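>>> heads up, no residue letters with this:
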């Protein structure tokens, strides 16, 4: 049975300021919690239904877990942020991340505010073997429950940081930087060179003007029809597919 | 001011059975309604705030519009399906569609149930100049307000039909058919031939077993990292980008 204090903590973690203060975030559902149990992430507490706890008792012998609480479906529904609660909710410690810029291909996100888009981009990055994402400070919080769920566990394999993109670009000017625009060199023919940043902008407003001087190559996705634009996650996927096809590099 | 009967009609059109019965659907927001006004679609009624109606009075001289109703923000919010209502809501007549299978590249969707995914796929199809989508009968309804909004107006340029995919595939066996799978020939190297169907399956369950005998070529998106899968709309985008790059055909 869940206590009032536990319920209050979980509720507070839907808000960024309390996630930051407590250095904790929420993750839900059988698949994601299972992946976390097998990762280097440390779990603070687990709220699971009886059959899930029984099935996973072996894995739960993790001395880092402070509390393992059995809940019924009704209690789980109350604390869940999913449309359909899925057996287990975990409160997870945010890892200390020392980000490095050694990877051959690094994604930079400028003002991606929609959590669903952000989570989908993390999943796409993971598919294409990208391990580093640098976000502008106004991007959606990666520990927002909607980002975590949309990433389908891929957040576990991506290091990230919130930074001033202008500073990062100017202090790493030896790297190539490709920016996604509606007009630019076609990703089908561009001769991508590593190491590189791939800069993706906000869908409505594009890449911020103050970053333009640092974009060495504008690239674009060839259009064959009439749609005005593609959403940011779809554009990221198409560009990464072309980069990987042409670069054939390890990240 | 909006009448009770009008409000009741709009409310009913959030449900498929009433859309089908009345042959009407909803579209909202400045951009989409503007595109509809310039399309061959016929508008049944329009509910707009005063400044939108004033700005668009020229365009509204369309004898097909039965009712043009001024609403205030509060009334609009009440009938809107958007998180933030956007000046205008239109009730639109469903067009009679005589679908033909002449296009060089036709998308087939098997059990794509999520309206957001469906709308995004329509927008991607429009970007890549695809004008025909055949949906299995259990796909999301294209006239669902969430599909219409996610398509960003691209639904206006796509003809669609809900059909038994097995029948369509077997009676069009002279066409090539490519199916998206986790394992198959890489889309980077596949030698795509027109005319073709591109078959996209449900994200969790994939392409239905009963369609497998009709898939002439299994194709897959090369994976460089760890994510288990990509969502259906992202996969569609990457495959179409590769098909267009290699086929360079008009649809």
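In hand now; what should we look at? This structure is a prediction, so every number in the text was calculated from the model and none was measured.
>>> near chain B, which residues of chain A are found?
A:120, A:123-131, A:152, A:154, A:157, A:188, A:221-231, A:233-234, A:237-238, A:241-242, A:244-245, A:251 (Cβ under 8 Å from any Cβ of the partner chain). Where you see a C-beta, it was placed from the backbone N, CA and C, and this is true even at glycine.
>>> right, and residue A:82 touches residue A:28 too?
Yes: Residue A:82 lies in contact with residue A:28 (Cβ atoms under 8 Å); the separation is 5.6 Å.
>>> of those two, which one has the most company?
Shown here are residue A:82 and residue A:28; by other Cβ atoms under 10 Å in any protein chain shown, residue A:28 has more neighbours (22 against 14).
>>> tell me who's in contact with that one.
Residue A:28 sits next to A:80-82, A:85-86, A:88-90, A:145, A:148-149 when contact means Cβ atoms under 8 Å, 6 or more residues apart in numbering or on different chains.
>>> of all the residues you listed, which two lie farthest apart?
In terms of Cβ to Cβ, the contacts of residue A:28 reach their longest pairwise distance at A:85 and A:148, which sit 14.9 Å apart.
>>> looking at those two, which one has more neighbours?
The residue with more neighbours, out of residue A:85 and residue A:148, is residue A:148; 28 against 20, by other Cβ under 10 Å.
>>> tell me which element the residue nearest to the spatial centre of chain A is part of?
By Cα atoms, centre = their mean, chain A has its centre lying nearest to residue A:122, at 4.1 Å. Using DSSP states H and E, residue A:122 maps to helix A:115-127.
>>> just checking, what packs against that helix?
Using 3 or more Cβ pairs under 8 Å, 6 or more residues apart in numbering or on different chains; DSSP states H and E, the elements in contact with helix A:115-127 are strand A:105-109, strand A:132-135, helix A:145-150, helix A:232-247.
>>> surely residue A:163 is in contact with residue A:138?
No: between residue A:163 and residue A:138 there is no contact under Cβ under 8 Å: 11.7 Å.
>>> give me the common contacts of residue A:82 and residue A:28.
By Cβ under 8 Å, 6+ apart, residue A:82 and residue A:28 have these common neighbours: residue A:149.
>>> could you find the closest non-adjacent residue to residue A:181?
What sits nearest to residue A:181 in space, not counting adjacent residues and going by Cβ to Cβ, 6 or more residues apart in numbering or on different chains, is residue A:218, at 4.7 Å.
>>> pretty sure the one you found sits in a strand.
Yes: judged by DSSP: H, G, I helix; E, B strand; the rest coil, residue A:218 forms part of a strand.
>>> residues contacting it?
For residue A:218, the contact set (Cβ under 8 Å, 6+ apart) comprises A:178-179, A:181, A:183-185.
>>> narrow these to those that are buried.
Those of those that meet the buried threshold are A:178-179, A:181, A:184, by 16 or more other Cβ atoms under 10 Å in any protein chain shown.
>>> the one residue in the stretch 51-200 of chain A that gets nearest to chain B and residue A:121, how far apart?
The stretch 51-200 of chain A approaches chain B most closely through residue A:129 (3.5 Å), counting by Cβ to the nearest Cβ. The span separating residue A:129 from residue A:121 equals 14 Å under the rule Cβ to Cβ, to the nearest Å.
>>> one more: residue A:141?
14 Å.
>>> before we move on, what about residue A:13?
To residue A:121, residue A:13 is 22 Å away according to Cβ to Cβ.
>>> more neighbours: the two, which one.
With neighbours defined as other Cβ under 10 Å, residue A:13 and residue A:121 compare such that residue A:121 has more, 33 against 22.
>>> all strands for the stretch 51-200 of chain A, in order.
With DSSP state E, counting those that start in this stretch, the ranges of strands along the stretch 51-200 of chain A come out as A:67-70, A:88-93, A:105-109, A:132-135, A:159-162, A:176-186, A:196-200.
>>> elements contacting the longest one?
Helices and strands touching strand A:176-186, by 3+ Cβ pairs under 8 Å, 6+ apart, are strand A:196-200, strand A:217-220, helix A:232-247.
>>> now render those as JSON lines, adding mean pLDDT.
Output for the helices and strands packed on strand A:176-186, formatted as JSON lines (pLDDT from 0 to 100):
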{"stretch": "strand A:196-200", "mean pLDDT": "98"}
{"stretch": "strand A:217-220", "mean pLDDT": "98"}
{"stretch": "helix A:232-247", "mean pLDDT": "96"}
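>>> residue A:114 contacts residue A:141, correct?
No: between residue A:114 and residue A:141 there is no contact under Cβ under 8 Å: 11.9 Å.
>>> pull the number of nearby residues for residue A:60.
Residue A:60 has 13 nearby residues by other Cβ under 10 Å.
>>> looks like it contacts residue A:46 (just checking).
Yes: Residue A:60 lies in contact with residue A:46 (Cβ under 8 Å); the separation is 7.1 Å.
>>> shared neighbours, these two?
Common neighbours of residue A:60 and residue A:46 (criterion: Cβ under 8 Å, 6+ apart): residue A:68.
>>> residue ranges with poor pLDDT in the stretch 101-250 of chain A?
A:249-250 (pLDDT under 70).
>>> show me where the stretch 1-150 of chain A has its helices.
A:4-12, A:16-22, A:30-37, A:50-55, A:73-79, A:115-127, A:145-150 (DSSP state H, counting those that start in this stretch).
>>> buried residues, the third one. List them.
If you call a residue buried by 16+ other Cβ under 10 Å, then helix A:30-37 has these buried ones: A:32-37.
>>> export these as CSV, with columns for pLDDT and distance to residue B:104.
Shown next, in CSV, are the buried residues of helix A:30-37 (pLDDT from 0 to 100; distance: Cβ to Cβ, whole Å):
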residue, pLDDT, distance to residue B:104
A:32, 95, 41
A:33, 96, 46
A:34, 94, 44
A:35, 94, 42
A:36, 95, 46
A:37, 93, 49
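>>> residue A:57: how many residues sit nearby?
Burial measure for residue A:57: 10 neighbouring residues, criterion other Cβ under 10 Å.
>>> and it, what are its phi and psi?
phi -60, psi -40 (degrees, to the nearest 10).
>>> ok, it to residue A:68 distance?
Per Cβ to Cβ, residue A:57 is found 9 Å from residue A:68.
>>> also residue A:220?
According to Cβ to Cβ, residue A:220 stands 51 Å off from residue A:68.
>>> comparing these two, which shows the higher neighbour count?
Neighbours were counted for residue A:220 and for residue A:68 using other Cβ under 10 Å; residue A:220 has more, 18 against 15.
>>> so the more buried one makes contact with residue A:180?
Yes: between residue A:220 and residue A:180 there is a contact at 7.2 Å, judged by Cβ under 8 Å.
>>> and the nearest residue to residue A:239 once chain neighbours are set aside, what is it in contact with?
Residue nearest to residue A:239 in three dimensions, not counting chain neighbours: residue A:187, with 5.5 Å by Cβ to Cβ, 6+ apart. Residue A:187 makes contact with A:219-222, A:238-239, A:242-243, according to Cβ under 8 Å, 6+ apart.
>>> closest one of those to chain B?
Nearest to chain B among the contacts of residue A:187 is residue A:238, at 4.8 Å by Cβ to the nearest Cβ.
>>> what's the distance between the closest one and residue B:230?
From residue A:238 across to residue B:230, the span is 11 Å (Cβ to Cβ).
>>> what is in contact with these two at once?
Counting by Cβ under 8 Å, 6+ apart, the contacts common to residue A:238 and residue B:230 are residue B:238.
>>> count the residues that sit near residue A:193.
Using other Cβ under 10 Å, residue A:193 has 15 neighbouring residues.
>>> name the nearest residue to it, ignoring sequence neighbours.
residue A:176 (5.0 Å).
>>> so in terms of bridging, what pairs with the one you found?
residue A:196 (DSSP bridges).
>>> that one touches residue A:198, doesn't it?
No: between residue A:176 and residue A:198 there is no contact under Cβ under 8 Å: 9.4 Å.
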